[in-house]
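Asker: what shape does this take:
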Amino acid sequence: MFDNRLEPSDIKDKIIDAALCHIPFDGWTQKSLKAGAKDIGIDINLIDSLFSNNSIDLLQYHSNLSDRRMKHAINELNLEEMKIRERIAASIRIRLGALDLHKEAIKSGVTLLSKPSNTLSSLNMLYETVDGIWFSIGDSSTDFNFYTKRFLLSNVYISTLLYWLNDKSEGSCETWNFLERRINEVLKIQKLKSEVVSKTSAASDLMTRIREGVSNQPWSRKTY
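Answerer: Here you go, the predicted structure:
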């Protein structure tokens, strides 16, 4: 039975959850929300006041809800005993695994977000997710790495999401194997980038010393 003492935000969360099984048939619409509300005993007349009649807004709300739940679950992990790669893998598994029974609804959302007119909304949702993962697992970088990490994780997340949507293996085990491979690839890129930056910096320091050494030589000041 529906609890009328719930906060409006909690009611919205429950309606979105209940609507997921209707979305494959009726899309990210108020029709799906009303069907979900009816399933759990919520007055469907509340839908108009609680939700926008806009599919992208509904997707944004659901994505935000999934991010909130993911962050809460990450906070329950013993992060101090986990390597960064393990934290990332666990975070993505939490985010996608929670929706394992609703892949068709997520496919519908991904199809909608893939339209050129929705590119900005799609990128905003992706950024919020990967940013939430990095902060939740303890990253506090504020330098250029802040953007590099989010760009690389975006590639890992979106490729894993697309693989997961078509994965029919038990427990999505093939997706998690794919995720491990993608993380390995990114770590190799990060290592290579660090080596390049280190060697470039060393080469720059060497050239600076050479120039300073040359400029201090008597013959270097001779004019012709």
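Asker: now the helices for the chain?
Answerer: Remark: helices assigned in the chain by DSSP state H are 8-19, 23-26, 30-39, 47-50, 55-75, 84-97, 103-113, 119-136, 145-165, 173-215.
Asker: contact partners for L33?
Answerer: The contact partners of L33, by Cβ atoms under 8 Å, 6 or more residues apart in numbering, come to I15, I16, A19, I47, F51, L58. To be clear about C-beta, it is placed using only N, CA and C from the backbone, and glycine gets the same treatment.
Asker: out of these, which is nearest to I137?
Answerer: Nearest to I137 among the contacts of L33 is I16, at 25.6 Å by Cβ to Cβ.
Asker: just give the nearest non-adjacent residue to that closest one, would you?
Answerer: Excluding its sequence neighbours, the residue lying closest to I16 (Cβ to Cβ, 6 or more residues apart in numbering) is H62, at 5.3 Å.
Asker: now do the contacts for the closest residue to A18 other than its chain neighbours.
Answerer: Distances taken as Cβ to Cβ, 6+ apart place G36 nearest to A18, at 3.3 Å, with adjacent residues excluded. Listed by Cβ under 8 Å, 6+ apart, the contact set of G36 reads I15, I16, D17, A18, A19, L20, C21, H22.
Asker: what subset of those residues is buried?
Answerer: Neighbour counting with 16 or more other Cβ atoms under 10 Å marks I15, I16, A18, A19, L20, C21, H22 as buried within the contacts of G36.
Asker: redo the residues you listed as JSON lines? Include pLDDT.
Answerer: Output for these, formatted as JSON lines (pLDDT from 0 to 100):
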{"residue": "I15", "pLDDT": "97"}
{"residue": "I16", "pLDDT": "97"}
{"residue": "A18", "pLDDT": "97"}
{"residue": "A19", "pLDDT": "98"}
{"residue": "L20", "pLDDT": "98"}
{"residue": "C21", "pLDDT": "97"}
{"residue": "H22", "pLDDT": "98"}
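Asker: now the two most distant members of those residues.
Answerer: Longest span within these, Cβ to Cβ: I15 and C21, 12.3 Å.
Asker: so where's this structure uncertain?
Answerer: Regions of the chain meeting the criterion pLDDT under 70 cover residues 1-4, 189-224.
Asker: kindly recompute the last result at 90.
Answerer: The model of the chain has pLDDT under 90 over residues 1-8, 139-149, 185-224.
Asker: next, the contact list for W134, please.
Answerer: Counting by Cβ under 8 Å, 6+ apart, W134 makes contact with K149, R150, L153.
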